[in-house]
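Enquirer: below are the sequence and a predicted model for it; my questions follow.
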Amino acid sequence: MSLDNFQIPPTLLPELYKDSLIVLDDKQSKPEMLNEKKVYFLGDNLKNILILVNNLEILHLNDDDLRFLTGILTACKLTFSDVTVFNTASNLDYNYQKTVDHFKPKLILILGTIHQKFNLPEHSDKYLPIENQNIKLVFGSSLAEISKDVNEKKALWNCLKQIFEI
């Protein structure tokens with residue numbers, strides 16, 4: 001007997017796949033979890049620090065930005081386990097409030113020009129922390145711009161030293 005012609009009786013299928021098979025007819029709607037879109041982010045958010053970027057070319061960060069951000073985190077005695085990197089260009093179904101509700105940040109670093117749909121709170125100066133909904137917000141240039149400008153690096157570092165009491 002060959003396995004090429006082996007057929008499972010239809011009455012046995014529901015028993016074999018009782019935990020993983022979903023049969024939907026026209027009257028049933030999809031479970032809510034099937035309607036949700038995937039959220040793309042880096043990090044584990046252990047210290048509720050959210051880093052917002054807007055990178056149209058890649059899902060998260062390019063190699064140069066990733067290396068530079070790793071250096072910043074290391075200088076602040078943080079790792080990617082402590083933070084979440086959220087690319088607004090990869091998560092167009094999210095706006096500011098939905099992101100805050102999802103990640104529950106205590107601090108948000110907004111680096112670069114964030115997608116307009118994101119509806120960020122009003123801000124004044126770069127690298128000057130402000131409070132909004134009990135969340136500390138810091139606006140700054142993109143990682144690529146900061147990495148190439150000594151004055152931007154100094155401004156970011158002075159801000160981070162103040163926030164993390166370094």
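Expert: All right, it came through fine.

Enquirer: for this structure, which helix or strand comes out least confident on mean pLDDT?
Expert: Ranked by mean pLDDT, DSSP states H and E, the weakest helix or strand in the chain is helix 32-35, scoring a mean of 53.

Enquirer: next SSE after that one?
Expert: Beyond helix 32-35 in the direction of the C-terminus, DSSP states H and E gives the next helix or strand as strand 41-42.

Enquirer: quick one, helices of this protein?
Expert: For the chain, the helices defined by DSSP state H cover 13-16, 32-35, 63-75, 96-103, 143-148, 150-164.

Enquirer: which of the ones you listed has the lowest average pLDDT?
Expert: Ranked by mean pLDDT, the helices of the chain end with helix 32-35 at the bottom, a mean of 53.

Enquirer: as CSV, the helices of the chain with distance to Gln133 and mean neighbour count would be great.
Expert: Using the backbone N, CA and C atoms, a C-beta is placed for each residue, glycine as well. CSV is the format used below for these (distance: least, CB to CB, whole Å; neighbours: other CB atoms under 10 Å):
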stretch, distance to Gln133, mean neighbour count
helix 13-16, 49, 10
helix 32-35, 27, 8
helix 63-75, 24, 15
helix 96-103, 7, 16
helix 143-148, 25, 18
helix 150-164, 17, 15
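
Enquirer: nearest to Leu128 among those helices would be which one?
Expert: For Leu128, the closest of the helices of the chain is helix 150-164, at 7.4 Å, according to CB to CB.

Enquirer: now do that closest one against helix 63-75, angle only.
Expert: Taking axes from the mean of the first three to the mean of the last three CA atoms, to 10 degrees, helix 150-164 and helix 63-75 form an angle of 40 degrees between their directions.

Enquirer: now what about helix 150-164, what contacts it?
Expert: For helix 150-164, contacts defined as CB atoms under 8 Å, 6 or more residues apart in numbering pick out 72, 75-78, 107, 126-129, 136, 138, 140-141, 145-147, 166.

Enquirer: now swap in stretch 67-85 and tell me
Expert: Under CB under 8 Å, 6+ apart, the answer for stretch 67-85 is 41-47, 49-51, 53, 60-61, 103, 105, 143, 146-147, 156-157, 160, 164, 166.

Enquirer: same question, stretch 90-101
Expert: 37, 39-41, 50, 52, 55, 59-60, 86, 88, 102, 108, 115, 117-121, 133, 135.

Enquirer: buried among the residues you listed? Need that as a selection in PyMOL.
Expert: Per 16 or more other CB atoms under 10 Å, the buried members of the contacts of stretch 90-101 correspond to this PyMOL selection:
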select buried, resi 41+50+52+55+60+86+88+102+108+115+118+120+135
